[in-house]
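Colleague: Please work out how this folds:
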Amino acid sequence: MTGDAAEEVAEARAAWAGWASRPVTVRIETMRRFANTVRARAAAFADLIARETGKPLWEARIEIEAVIGRVEASITAYTQRTAQHSMEGAMGARTAIRHKPHGVLAVLGPFNSPASLPNGHIVPALIAGNAVVFKPSEKTPATGEFLIDCYHAAGVPTGVVRFLAGGPAEGAALAQHPDVDGLLFTGSPRVGLALHRAYAETPNKILALELGGNNPLVVWDATDIHAAAVVTVQSAFLSAGQRCTAAHRLIVRDGAHEALVAEICKLAERLIVDAPHANPAPFMGPVIDNAAADRVEEAFLALLMKGGRPIKHIHRPVADRPFLTPAIIDVTDVADRRDGEIFGPVLQMIRVDDFEAAIAEANATRYGLCASLIGGAPELYNRFWASVRAGMVNWNRLIDGAASNAPFGGVGLSGNHRPGALYTADHCAYPVVSSEAVQARAAIGIGLRDV
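Modeller: Predicted coordinates for the structure are as follows:
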């Protein structure tokens, strides 16, 4: 079943003014009711996400917690980033800074975190006073519909947040609709580039792009090899590698990497790959579908054909199912490595001679979402932080370890400098500056003829 973008936008446009005119305290309390609604439905919601995406049930439950937690984080962000300010001026005048919502915002969501990622746009947009039309990925429509039903059950008027079913055609129709005042997008760099081009002649419309990455994880002078291996495995293979923040490249010192690689392989061999509700609980589920699994296998094979040396081969335990085992491949001698995401459980290792080469290799990408250094003294991390090109830079932490009360975003092809999380409030409302005085006072002191 597909929806009609024009109808959904018209419904949102008709309802927007009423929602925007409500006090922000009312909108905030409505979002808190939404959080309670999700909390009450958490078991069913997590089960749906697990069945639709294939991610383990424990991971789906964590996603629901993120949906709930986003509400208070967004309330804090709204008060911090869009608070009203007043500055006194001469002769009783003042300068006031207030914020207004844009109007109707479109939200296009991804399949890998089909509830938490779009929710991270929708909640701040609603708090600011916008109406929203949300189109989920065509791969996870049921999760998207469940999310919208939670908003309505919490008291958000049905016209204020709308659900649009469909595929790429419906997404394009929504993004290009003339009555949409902005688009908040999380998804692939390819689609993000197309949207950027489509919005080139509409600078009046806000466009926030959260795209992918070719993220480097540098392990250097690590004293605890086991801990470094655990961080590496989690960074690379959580969500079956289907995270924009996943570690795609492992950069190590040549000749001092063998113990680390052996420990990584030992852990990777122990990872359970199974259905979301399996017992014992799996670490990884499948990738989203068979077509995605085919692309990941083909990408691994292409690296082999170019001279990559397999450390741990990728396997597909069941031929007609999208389960993939984690894979590791040494691509040091591959001359024309692909600069992009292999959106699956494939970790590419690159050996370098010194730390300057490690930084150069980390920056050898058009993307710049996140990077992490495991090991080293504070001085080494300071060099890494200052030199590496990414919007999120971590030390001795998972590469995707970003706090909900901090900005989330990258540079290069990873976005368009409109980070999400804390800073989502910035692109959900625009500032209005007013010079105000209770009474008009004016005089012309020069340039007048004598009376």
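Colleague: got the residue ranges for the strands in the stretch 1-150 of the chain?
Modeller: With DSSP state E, counting those that start in this stretch as the criterion, the stretch 1-150 of the chain has strands at 85-88, 94-101, 104-108, 131-135.
Colleague: Which elements pack onto the top helix by length along the chain?
Modeller: What stands out as the longest helix in the chain, according to DSSP state H, is helix 57-81. Counting by 3 or more C-beta pairs under 8 Å, 6 or more residues apart in numbering; DSSP states H and E, the packing neighbours recorded for helix 57-81 are helix 24-40, helix 42-53, helix 116-128. C-beta here means a position set from N, CA and C on the backbone, and glycine is covered the same way.
Colleague: go again using 10 Å as the cut-off
Modeller: Here helix 57-81 touches helix 24-40, helix 42-53, helix 116-128, helix 141-153, strand 420-421, going by 3 or more C-beta pairs under 10 Å, 6 or more residues apart in numbering; DSSP states H and E.
Colleague: Residue 312 is nearest to which of the strands of the stretch 1-150 of the chain?
Modeller: Comparing the strands of the stretch 1-150 of the chain by their distance to residue 312 (C-beta to C-beta), the top pick is strand 104-108, with 34.9 Å.
Colleague: Could you tell me the angle between that closest one and helix 141-153?
Modeller: Interaxial angle of strand 104-108 relative to helix 141-153 (axes from the mean of the first three to the mean of the last three C-alpha atoms, to 10 degrees): 150 degrees.
Colleague: quick one on the thing from earlier: format the strands of the stretch 1-150 of the chain as CSV; extra columns: mean neighbour count and distance to residue 63.
Modeller: Formatted as CSV, the strands of the stretch 1-150 of the chain follow (neighbours: other C-beta atoms under 10 Å; distance: least, C-beta to C-beta, whole Å):
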stretch, mean neighbour count, distance to residue 63
strand 85-88, 10, 36
strand 94-101, 15, 27
strand 104-108, 27, 17
strand 131-135, 28, 16
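Colleague: In a markdown table, list the ones you listed along with distance to residue 12 and mean pLDDT.
Modeller: What follows is the strands of the stretch 1-150 of the chain, written out as a markdown table (distance: least, C-beta to C-beta, whole Å; pLDDT from 0 to 100):
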| stretch | distance to residue 12 | mean pLDDT |
| --- | --- | --- |
| strand 85-88 | 30 | 82 |
| strand 94-101 | 12 | 91 |
| strand 104-108 | 5 | 98 |
| strand 131-135 | 4 | 98 |
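Colleague: closest one to residue 409 among these?
Modeller: strand 104-108 (15.9 Å).
Colleague: would you put the C-alpha positions of the closest one in PDB?
Modeller: In PDB, the C-alpha atoms belonging to strand 104-108 read as follows (Å, rounded to 0.1, in the frame of the first residue of the first chain):
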ATOM      1  CA  VAL A 104       5.600  21.600   7.600                       C
ATOM      2  CA  LEU A 105       8.700  19.400   7.800                       C
ATOM      3  CA  ALA A 106       9.300  16.200   5.900                       C
ATOM      4  CA  VAL A 107      11.200  13.400   7.700                       C
ATOM      5  CA  LEU A 108      12.600  10.400   5.700                       C
END
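Colleague: Adding distance to residue 171, write the strands of the stretch 1-150 of the chain out as TSV.
Modeller: Formatted as TSV, these follow (distance: least, C-beta to C-beta, whole Å):
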stretch	distance to residue 171
strand 85-88	37
strand 94-101	23
strand 104-108	6
strand 131-135	5
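Colleague: For residue 327, which of these is the nearest?
Modeller: Across the strands of the stretch 1-150 of the chain, residue 327 has its closest neighbour in strand 104-108 (30.0 Å, C-beta to C-beta).
Colleague: Against which helices or strands is that closest one packed?
Modeller: For strand 104-108, the packing partners by 3+ C-beta pairs under 10 Å, 6+ apart come out as helix 5-20, helix 116-128, strand 131-135, strand 161-163, helix 168-175, strand 182-186, helix 189-198, strand 206-210.
Colleague: how far out from the middle of the chain is the second one?
Modeller: Meaning helix 116-128. 12 Å (C-alpha atoms, centre = their mean, to the nearest Å).
Colleague: so for that helix, what's the average pLDDT?
Modeller: The average pLDDT within helix 116-128 is 97.
Colleague: Low-confidence stretches in this protein?
Modeller: 91, 401 (pLDDT under 70).
Colleague: how many neighbours does residue 147 have?
Modeller: Using other C-beta atoms under 10 Å, residue 147 has 27 neighbouring residues.
Colleague: Need the nearest residue in space to it, chain neighbours excluded.
Modeller: residue 115 (5.4 Å; C-beta to C-beta, 6 or more residues apart in numbering).
Colleague: That neighbour: what's it in contact with?
Modeller: The contact partners of residue 115, taken as C-beta atoms under 10 Å, 6 or more residues apart in numbering, are 38, 45-46, 48-49, 53, 60, 63-64, 66-67, 70, 109, 136, 140, 143-144, 146-147, 150.
Colleague: do residue 105 as well
Modeller: 12, 16, 121-122, 124-126, 128, 130-134, 180-184, 205-206, 208, 427-428.
Colleague: Also residue 49?
Modeller: With contact taken as C-beta under 10 Å, 6+ apart, residue 49 is in contact with 55, 57, 59-61, 63-64, 67, 113-116, 140, 142-143, 146-147, 276.
Colleague: Put the buried members of those into a ChimeraX selection.
Modeller: Remark: buried members of the contacts of residue 49, expressed as a ChimeraX selection using 16 or more other C-beta atoms under 10 Å:
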select :55,57,59,60,61,63,64,67,113,114,115,116,140,143,146,147,276
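Colleague: show me where the stretch 151-300 of the chain has helices.
Modeller: 168-175, 189-198, 225-237, 258-270, 290-305 (DSSP state H, counting those that start in this stretch).
Colleague: Tell me which of these lies nearest to residue 324.
Modeller: helix 290-305 (5.7 Å).
Colleague: Pull out the buried positions in the closest one.
Modeller: Across helix 290-305, burial judged by 16+ other C-beta under 10 Å covers 292, 293, 296, 297, 299, 300, 303, 304.
Colleague: again with stretch 197-211
Modeller: Neighbour counts using 16+ other C-beta under 10 Å place 199, 205, 206, 207, 208, 209, 210, 211 of stretch 197-211 among the buried residues.
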